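1. fold the following.
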Amino acid sequence: MSVREWLAVAMFASFILGILSGFPVAWVLGGVAILFTAIAIIVERDLGFFTGVDWSYASLVADRLWDLMDNWVLVALPMFVCMGLLLDRAGIAADLMRNVSRLFGRVRGGLAVTVALIGVVLAASTGIIGASVVLLALLGLPPMLEARYSPTYAAGTVCAVGTLGILIPPSIMLVLMADRLAMSVGDLFLGAMIPGLLLASLYIVFLVAWPALRPEIAPPPEDAEDVDVALVLSVLRDIVPAAALILAVLGSIFFGIATPTEASGVGAFGALCLAAWRGRLGRSVLQDVLRETSLTTGYLFGIFVGASAFALVLRGLGGDELIARGLLGLPFGPNGVVLSILFVTFLLGFFLDWIEITFIVLPLVAPIVVELGFDLVWFTVLFAVCLQTSFLTPPVGFALFYVKGVAPPEIDVRTLYVGILPFVGLQLIGLALIFVWPELATWLPAQAYGSNP
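-> Numbers count the residues shown, from 1 in each chain. A predicted model of the protein is given here:
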């Protein structure tokens, strides 16, 4: 390898060490970019080795940031964040949890199934992992533990189901992926719909089957009420408004009525109206939602700035060419290359958050996959499913941290680690199914545009 390529390897290693040190991601990305720009200048000026990177080259970051701030697709981010926070703060999810648990009261493991179903609704309305996991932990863990459910079964359910929001549309991760790869957000939403529901279905099958095989982990309920028409109507009264809002957002995108940016505005306004209709839109709620939306948006755009600088310098040092040569030189064939990328992504998920991997790794490997002749929507959905495991795998599994922060004392770290193991296995099964049958990700986009997958 050339000197500039060794600098690219050192730059990527420094980025990983910086993340593990606990410094904010945006500062690590930007700081490493500045540091290695200076190192590249010294190496070329004083040692005579060509690097191709200097301060004038690094100034191209300003042009990239202009394109970033001029991108209308990214306007959808604060709108979707606001929509999810409004549904959370307005207590709509809490009402759903209370009534749906009554509906499944006589089913062994019914409380866990209820958490899974509410998780799907939250996933399709928030797309914010932290909010979903914390809310499900607060609403679902106490009744499951009170019903003498196994702590590992209960904690694993909450952790895994809460991560569905990163995959099921509208997801802020999918919006960011579409922006990084210059893809249609609607295509990616459609492509992720069936895989997301498939993963949720695998969870629910497991949550019902496991207590059937081991009854002690989820004892039968002692005081479950009978399911009658009044109970069903009560559940529908809570589900229909939220479901209608989700269908309005996703349906307007899928049927070409609105762009994702316009649909995100509809979603935020609809959530505002729904909270007001339920009498939950007080001044404190509105202030809290606006503040959290601003903080989350600022955090994401700060990472955008740092990632733009990092990616520019890494490419200037030949990092993208080095990765392309390494992957294309693997003796595994095209499918083996894709599997190798997913395996490395899975390992990176043990140490890095999805944001870093999406911003840095995905733009580097996606062109290689396209060059090998694979469908970009299919690969991006595979990549997204693989990244979902990063929320559950220790030591940097953020879903585990979220649950531990609000869980009762009997839920310790070991309980969380043991509880998520079956769900990581289910995610890998889902990943394998999508890899073997690409139509799971490509069929719906093809039908929407009247072409063959």
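
2. chain center to the strand or helix carrying Ala38, what's the gap?
-> Secondary-structure assignment from DSSP states H and E places Ala38 in helix 25-46. Using CA atoms, centre = their mean, to the nearest Å, the mean C-alpha position of helix 25-46 is found 30 Å from that of the whole chain.

3. so for stretch 321-340, mean pLDDT?
-> Mean pLDDT, stretch 321-340: 77.

4. stretch 201-217 too?
-> Here the average pLDDT along stretch 201-217 is 90.

5. how far is that stretch from where the chain is centred?
-> Put simply, stretch 201-217 sits 25 Å off its chain's centre (CA atoms, centre = their mean).

6. tell me the buried residues in it?
-> Buried residues in stretch 201-217, counted by 16 or more other CB atoms under 10 Å: 202-204, 206-208, 210-211, 217. Heads up, the C-betas are built off the backbone N, CA and C, glycines and all.

7. which among those gets closest to Asp88?
-> The closest of the buried residues of stretch 201-217 to Asp88 turns out to be Tyr203 (CB to CB; 21.0 Å).

8. next helix or strand past the strand or helix carrying that closest one?
-> According to DSSP H and E, Tyr203 maps onto helix 185-213. Heading C-terminal from helix 185-213, the first helix or strand you meet, by DSSP H and E, is helix 229-254.

9. for the spatially most central residue of the chain, which non-adjacent residue is spatially closest?
-> For the chain, the residue sitting closest to the mean C-alpha position, by CA atoms, centre = their mean, is Ile166 at 2.5 Å. Using CB to CB, 6 or more residues apart in numbering and skipping residues adjacent in sequence, the residue nearest Ile166 is Met173, 4.9 Å away.

10. quick one: that neighbour from Ile34, how far?
-> Met173 sits 27 Å away from Ile34, going by CB to CB, to the nearest Å.

11. packing partners of the helix or strand hosting Ala399?
-> Using DSSP H and E, Ala399 maps to helix 398-406. Judged by 3 or more CB pairs under 8 Å, 6 or more residues apart in numbering; DSSP states H and E, helix 398-406 is in contact with helix 129-146, helix 151-162, helix 413-436.

12. can I get these in TSV with distance to Cys273 and mean neighbour count?
-> Putting the helices and strands packed on helix 398-406 into TSV (distance: least, CB to CB, whole Å; neighbours: other CB atoms under 10 Å) gives the following:
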stretch	distance to Cys273	mean neighbour count
helix 129-146	20	21
helix 151-162	26	28
helix 413-436	35	18
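
13. mind checking those helices for the one nearest to Asp95?
-> Per CB to CB, nearest to Asp95 of these: helix 129-146, 10.1 Å.

14. just want the angle from that closest one to helix 398-406.
-> Taking axes from the mean of the first three to the mean of the last three CA atoms, to 10 degrees, one finds helix 129-146 and helix 398-406 inclined to each other by 60 degrees.

15. Met173 and Ile34: which has the busier surroundings?
-> A count of neighbours by other CB atoms under 10 Å puts Met173 above the other of Met173 and Ile34, at 21 against 14.

16. quick one, what contacts the more buried one?
-> Met173 sits next to 127, 166-167, 354, 358, 384, 387 when contact means CB atoms under 8 Å, 6 or more residues apart in numbering.

17. pull up the per-residue confidence for it.
-> We note a pLDDT of 81 for Met173 in this prediction.

18. go ahead and produce CSV holding the CA coordinates of the one helix or strand it maps to.
-> According to DSSP H and E, Met173 maps onto helix 172-180. Extracted in CSV, the C-alpha atoms of helix 172-180 (Å, rounded to 0.1, in the frame of the first residue of the first chain):
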residue,chain,number,x,y,z
ILE,A,172,-35.2,8.5,10.2
MET,A,173,-32.5,6.0,9.4
LEU,A,174,-34.0,5.2,6.0
VAL,A,175,-34.3,9.0,5.3
LEU,A,176,-30.6,9.4,6.1
MET,A,177,-29.6,6.4,4.0
ALA,A,178,-31.6,7.6,1.0
ASP,A,179,-29.8,11.0,1.3
ARG,A,180,-26.4,9.5,1.6
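
19. can you state the direction angle for that helix and helix 129-146?
-> Using the same axes, to 10 degrees, helix 172-180 lies at 160 degrees relative to helix 129-146.

20. report the angle between the axes of helix 172-180 and helix 185-213?
-> Relative orientation of helix 172-180 and helix 185-213, computed by the same axes, to 10 degrees: 150 degrees.

21. list the buried residues in helix 172-180.
-> 172-180.

22. just stretch 371-386 next, same as before
-> Applying 16+ other CB under 10 Å to stretch 371-386 flags 374-386 as buried.

23. circling back: please state the offset of the helix holding Ala399 from the chain centre?
-> Distance, stretch centre to chain centre, for helix 398-406: 16 Å (CA atoms, centre = their mean).

24. contacts only, for the residue nearest to Val115 when sequence neighbours are not counted.
-> With sequence-adjacent residues excluded and distances taken as CB to CB, 6+ apart, Val115 is closest to Gly140, at 4.1 Å. Shown in contact with Gly140 (CB under 8 Å, 6+ apart): 97, 111-112, 114-115, 118, 154, 157-158.

25. which of those sits closest to Pro331?
-> Taking CB to CB as the measure, Thr157 is the one of the contacts of Gly140 closest to Pro331, at 41.4 Å.

26. for this structure, longest helix please?
-> Ordering each helix of the chain by length in residues (DSSP state H) puts helix 283-316 first.
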